[in-house]
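[1] Attaching a predicted model along with its sequence, questions to come.
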Amino acid sequence: ADGLQEVTLVLDWYPNAVHSFIYAAEEKGYFKEEGIRLNIQYPQNVTDPLTLTAAGKATVGIYYQQDVVRARANEDIPVKSIGPIVREPLNHIIVLDKEKTIQSPKDLEGKTIGYAGSDLSEAYVKSMVKADGGDPEKVTMQDVGFDLVPALITNKVDALSGALINHEVPVMEEKGFPTRTFNPADYGVPNYYELLFVSGDKTIEENPALLKAFLRASEKGYAYMKKHPQQALNLLIAKQDKENFPLSPKVEKKSLQILMNTMEQKEAAFLSDSTDVWQQQIDWMSEQKMITTKPQPTDLFVNLLN
Amino acid sequence: MRKMLPPLIVMLVLLAVWEWLAHLIASPYILPSPRQIIEKIWLLREPLFMIHLPATLAIIAIGLVISLVLGIALALVMDASAWLERAFYPLLVVSQTIPTTALAPIFVLWFGYSIWSKVLVTVLIAFFPIAMNTFDGLRSVKKGQLELLQTFGASRWQQFWKLKVPSAIPSFFTGLKIAVPLTVIGAAIGEWLGAQSGLGYFSKRMMTQMDGAGVFAPIVVLSLLAIVFATIMTIIEKKYITWRKEA
Amino acid sequence: MRKMLPPLIVMLVLLAVWEWLAHLIASPYILPSPRQIIEKIWLLREPLFMIHLPATLAIIAIGLVISLVLGIALALVMDASAWLERAFYPLLVVSQTIPTTALAPIFVLWFGYSIWSKVLVTVLIAFFPIAMNTFDGLRSVKKGQLELLQTFGASRWQQFWKLKVPSAIPSFFTGLKIAVPLTVIGAAIGEWLGAQSGLGYFSKRMMTQMDGAGVFAPIVVLSLLAIVFATIMTIIEKKYITWRKEA
Amino acid sequence: MVVAMEDVYFSYNEKVILSGLNLHIKAEEFISIVGASGCGKSTVFRLLLGLEQPQQGVIKKPGKIGYMPQQHQLMPWRTALDNAIVPLECQGIKKKEARRQAQQFFIRFGLADYEDKKPHELSGGMQQRVSFIRTLLTGADVLLLDEPFSALDALTRKDLQQWLKDIVKVEKKTILFITHDIDEALFLSNRIFVATTQPIAAFECMDSSVSKQQIYAKIGGAMV
Amino acid sequence: MVVAMEDVYFSYNEKVILSGLNLHIKAEEFISIVGASGCGKSTVFRLLLGLEQPQQGVIKKPGKIGYMPQQHQLMPWRTALDNAIVPLECQGIKKKEARRQAQQFFIRFGLADYEDKKPHELSGGMQQRVSFIRTLLTGADVLLLDEPFSALDALTRKDLQQWLKDIVKVEKKTILFITHDIDEALFLSNRIFVATTQPIAAFECMDSSVSKQQIYAKIGGAMV
Ligand SMILES: Nc1ncnc2c1ncn2[C@@H]1O[C@H](COP(=O)(O)OP(=O)(O)OP(=O)(O)O)[C@@H](O)[C@H]1O
Ligand SMILES: Nc1ncnc2c1ncn2[C@@H]1O[C@H](COP(=O)(O)OP(=O)(O)OP(=O)(O)O)[C@@H](O)[C@H]1O
Ligand SMILES: [Mg+2]
Ligand SMILES: [Mg+2]
């Protein structure tokens, strides 16, 4: 009726600093300018952003790079990346600062690492320990379900894999638990995109214009956020307050500071993509035996904007 | 109000133990103390009671009604013939063993992110005890009374209303008393899996913030809700089901 | 084996509908078809049946035993006096409304990642219908029979074994028939919250890999397990509880 | 013949109760059935009502029969009055009208003050009277009464016997009446059927001119 | 006095059943209680058993009483024999020995073939006999029997009456016996208590030399 086209966006998680640019774009009316009525959804199930876009039930999702590779390689799920959001790993290994015996990944020998039960975490940890000169076989991996942080602060595990430096880390800091973190990209794991926009093959094929419009609006939101980080964050926090879900401004501010450095790099603009990153990831995952076939990078992403 | 005394005493003892435990553990993000939770509830009273409670209540109400209809219908179907009982019972068992998390994507596929996917989770959890207990009640109909009614030329409809329903009511109530807390938790789980409002949603959001008191505040509200419902059930039961023990 | 016919027919119809639906949706990562799941079960038969099934069975077995003991004990306590009933019933209701996810960190704190935290989840889910239905059964004791027994000078112990137990058994069985599938799902949820093996754990692993058939394969095994248990319950019930309808 | 059994065989599991029983009852007859405890009297009623199926033989009976079972089978959740009106309710008569009809009987049978009591608040004899009223309210022309007065004191019993005897004449009812009281049988019946054998192959038919002793002799050895 | 009531008042809700009843029963007496249906006979038993508490007055009774209730109260999940032995079990006697003791009665009362039947497979009179045996097996010296023979045919009834009369002499039992059969009361009892008023203020006591008609006259108007 209003002549706008509906875009359903399934977030990777509940709204937080990483989504500031989307909320900024929404509040500033950039989506409307592009003829889009945005409908933001939180996932009911972790895999929703991927499966629902693949099934055409959602237009765009926010998800993880390796899962896109695997979805394509192992299950032939018809999704592609349409633009990276976070260009570096956020999923670091985290240890409590007071744990002095772990200064680098090789010190994890003989220790227990809590993770959410994904084989990706297992692969990261083993690769990192190995790259650091340790013996991955001597590391114990403990599935702690969804309660990562409690497991660490009650000393049930010595380190965490699967917690994010822009969320769990500042939250723990706020609660009085300073931490030390190890970036997978520093220890043998090729750099990867932590978060990206995904869309179903069918949507990409049938309605590229809509996706392009969506990405343009997102870019504008990002530009605004870059210029006015505090205002963008405030827009997000205000929106959440309206929903009566108070985000901790301190945590989100910290989070955004960390994120700002990861969403764009000197040689790579926001949402721009390159074959290299995908190829490295495909090779590494294949090495780790996480994928059985090696898809072409071009099957995994599209650069719609150029 | 002397009847209120026993639960109050037990509750107080429990709260004291909890408070003591919380101080022992001294990690409010794992186990907040009752005092902290109550403070949090007071602090968050506006959003909790004005926005999230109504959202959850809507799911509970719709879920309970559908569970009742479905549960009773299934009980009737199984009571109607041994054939149908044998056919349906395994199905009910299966319905209870499928984790909602596995089905969640399908619910979303069909119902989107509407209230219905949460209602569905609620129904899936709550209809089973209603069905089983109502069925049990229907089976407890005394043969002698049924035969007599048949000699009076009672239609199946009349046999049902005059004999089966009253005979089944005590068991049905037990089923209801089991189901009512389950609709509450069902609604919470439904929201836990994905929602934009509701007490379960609120609790989960707080969990991502490691705000222990914030996690438990909506849960305490949920529990109180369940207790209120359960108490109403018990009062109705005590008032109307008095013939139970008379042969 | 003509008794097996009805469930088989219904199951086949259901499988057909499912297969058709799966082809309609044509997204095996959301809804795999029965054929794909069966293939997967066959493919994964070794780990499924040799490693994960035994792990889950252990949780179910221990959980069921504890649920029985706890459920029956609570029923007895509540039957012993109206005071205790009023004191405990709200507590049981509360126990049902606390999402396991909220309690999981506390369980882990106390029990670590041992089998006991999973058993606890199982017990928390399964004891309630046992307690409520057993309590219901105990309350259905006929007054005239109890009075007569008292005139015989029966001790409370004798009243219990000779009258209360047999009177409560039909309801108890209904409780058990509700609880058995719940122990299965309880074990799965427990594993979902953190485990190293077990069918629930396996299913969750498959979910993170978006392997739809892999997610459902262990669930189907769980369901079959529950059906087997439930069928055993029903056979025992049909065999031993024959006096139900006689006045 | 209003009610008839032709060559009926019936057994519970292996235990044979009826072996080739013939029974013919004409309209407006009052038949008493007497016989040793456990010989199969109640079973004959159950067969006539279709609650059991004969293994062999033919049973003829009217569509509507009023049955008063040996155990009262009152519903514990209904009041005395509401228990009595169940047959009327089954015929679709409004509760209010049904209660009005039943109340006359409650008054006549000394239960006026007990209309609103639950069955367990009634004495044994009162429960039996409520059950009797319920049977009368079926309005059936054929009534099967299984020891209807066994729990009543001698005077109440006499009173109800006389009332029953009068009413069946006026209302042209056909009655089958199981009793252990030979005097009662002699007082009420046109014919008395005595179960003399085990299993029952035939009833010995006696008219009401026989003596009590003659019947005693026929019933034969006490206890099955 | 083995059993006594002194100035006992009892009412169900507002309905007064006993108003100042006195009752004195000596050891080895056989007392029959007769009265209109619903007058309060069973209630007197319930008071003596302590199943109801008097609003006023004193009740004296032995610790152990054998009670046969008006309704049989057999447990549907036990066989006839296992129902009968419940009192023995309660005394801690082994099942096997208890069954042995009960079997003698089953034979004597014509139930030898029905030991393993469930209650619903028995006829009304059979259920009553099982209940009677169960009461005998309490071994109590004082027995309260509430219409124990009402469902039995005339001959069986006579037989059991005679048996009871003989046995109580030999075993020195004290019996309170509710019946509606005046002949039975006259035949069995030393004294007959007749409930003549409503509520029962006192039992009219008669010895067994009175005539049936005199008792009828005392019971008064039929039906409460
Ligand atoms: N449901 C049943 N299953 C098996 N046997 C039964 C069943 N009902 C009755 N019987 C048997 O059938 C026989 C006849 O029972 P029935 O009730 O007809 O006797 P009756 O003549 O009415 O005796 P009574 O005067 O004691 O009431 C008895 O031996 C009894 O044990
Ligand atoms: N549980 C009860 N609650 C209320 N009133 C009751 C209860 N039990 C009995 N009554 C009333 O008490 C009175 C006496 O009952 P009781 O059973 O003692 O009579 P009874 O003399 O044994 O009669 P019957 O010969 O018919 O068995 C009756 O009016 C009955 O309605
Ligand atoms: Mg009979
Ligand atoms: Mg009585």
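    It's in. None of the values given here were measured: they were computed from a predicted structure. Ligands and ions are numbered 1, 2, ... in the order given.
[2] Please count neighbours and contacts with C-alpha atoms only from this point.
    OK.
[3] Now do the same contact list for the residue of chain B most remote from its centre.
    Among the C-alpha atoms of chain B, the one farthest from their average position, using CA atoms, centre = their mean, is that of residue B:151, at 39.8 Å. In this structure, residue B:151 makes contact with D:49, D:64-67, judged by CA atoms under 8 Å, 6 or more residues apart in numbering or on different chains.
[4] Where is pLDDT lowest across the residues you listed?
    Across the contacts of residue B:151, the member with the lowest pLDDT is residue D:64, scoring 91.
[5] Make sure that one is actually in contact with residue D:144.
    No. Using CA atoms under 8 Å, residue D:64 is not in contact with residue D:144, being 11.0 Å away.
[6] Who has more neighbours out of the two?
    Regarding residue D:64 and residue D:144, a neighbour count based on other CA atoms under 10 Å in any protein chain shown identifies residue D:144 as having more, with 25 against 16.
[7] still on that earlier bit, contacts with ligand 4 among the contacts of residue B:151, please.
    The subset of the contacts of residue B:151 lying close to ligand 4, counting by CA under 5 Å from the ion, is empty.
[8] In helices only, show me those residues.
    The helices in this structure, assigned by DSSP state H, contain none of those.
[9] Can you say which of those residues are buried?
    In the contacts of residue B:151, burial by neighbour count holds for D:49, D:64-67, counting by 16 or more other CA atoms under 10 Å in any protein chain shown.
[10] Mark which of those residues are part of strands, please.
    Secondary structure from DSSP state E places D:65-67 of those in strands.
[11] Would you mind measuring from residue D:66 to ligand 1?
    Spatial separation of residue D:66 from ligand 1 under the definition CA to the nearest ligand atom, to the nearest Å is 17 Å.
[12] Hmm, that residue is touching residue D:132, no?
    No. Taking CA under 8 Å as the contact criterion, residue D:66 and residue D:132 are not neighbours in contact, 9.9 Å apart.
[13] Against the centre of chain D, work out the most remote residue.
    Checked over chain D using CA atoms, centre = their mean: the farthest-from-centre residue is residue D:96, at 27.4 Å.
[14] so what secondary structure elements neighbour the helix or strand hosting that one?
    With the criterion set as DSSP states H and E, the secondary-structure element containing residue D:96 is helix D:95-108. With contacts defined as 3 or more CA pairs under 8 Å, 6 or more residues apart in numbering or on different chains; DSSP states H and E, the secondary structure elements packing on helix D:95-108 are helix D:80-84, helix D:86-90, helix D:124-136.
[15] what's the most buried one of those?
    Counting by mean count of other CA atoms under 10 Å in any protein chain shown, helix D:80-84 has the highest mean neighbour count of the helices and strands packed on helix D:95-108, with a mean of 26.
[16] Quick check, the residue in the stretch 101-250 of chain A closest to ligand 4?
    The nearest approach of the stretch 101-250 of chain A to ligand 4 comes at residue A:145, 66.9 Å away (CA to the ion).
[17] how about that residue, what does it touch?
    Contacts here follow CA under 8 Å, 6+ apart; on that basis residue A:145 touches A:115-117, C:192-195.
[18] before we move on, back to that, any idea which of the ones in strands among the buried ones among the contacts of residue B:151 is the one closest to residue B:242?
    Within those, distances to residue B:242 taken as CA to CA reach their minimum at residue D:67, with 28.2 Å.
[19] Tell me if I'm right that that closest one and residue D:141 touch.
    No. Contact criterion CA under 8 Å: residue D:67 and residue D:141 do not qualify, at 11.0 Å.
[20] where does the chain have low pLDDT?
    Defaulting to chain A. Along chain A, the parts satisfying pLDDT under 70 run over A:1, A:241-246.
[21] ah, I was thinking of chain D
    By pLDDT under 70, the low-scoring segments of chain D are D:220-224.
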